[in-house]
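S.K.: My questions are about this predicted structure, shown below with the sequence.
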Amino acid sequence: MWISAGQWIKIILMGRLKEFMKTAIKDYRVGALAPTSQKAARRIVGLLKPGCRYLIEYGPGNGAVTRAILERLPPTGQVVAIEINLNFARSLQTISDRRLRVIAGGR
């Protein structure tokens, strides 16, 4: 997946990359080297079947794909995001959307 220089600058300025990398370095279970770009998140969500209302997301990280899912999900939908990394879970809990339920921890 290609991330443009402009996208990298935007990520760095927002501080998400810094926080993501700090978490990824501390937790060997993090499977990504950088957060998912908005473009990639939209492509992933584009694979959902029309009318999808319920979704369980395992390992949502900092919520890049979660946010894209919520943009597409109908008002009656529900996303359950299961994240074992507590730093990422805290980040997910800042998403203000009644359709999102975050389950944190797992150890």
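M.R.: Received it, and whenever you're ready, just let me know what you need.

S.K.: buried stuff in stretch 55-73?
M.R.: 55, 57, 60-70, 73 (16 or more other CB atoms under 10 Å). For every residue, glycine as well, the C-beta is placed using N, CA and C.

S.K.: Give the pairing partners of the helix or strand containing residue 81; include direction for each.
M.R.: Element membership for residue 81, per DSSP states H and E: strand 78-83. Sheet partners assigned to strand 78-83 using DSSP bridges are listed as strand 54-58 (parallel), strand 100-104 (parallel).

S.K.: what comes into contact with stretch 88-104?
M.R.: 19, 23, 60-63, 66-67, 70, 73, 75, 77-84, 86, 105 (CB atoms under 8 Å, 6 or more residues apart in numbering).

S.K.: Could you list the buried residues of it?
M.R.: Here stretch 88-104 shows 88-89, 91-92, 95, 99-100, 102, 104 as buried, counting by 16+ other CB under 10 Å.
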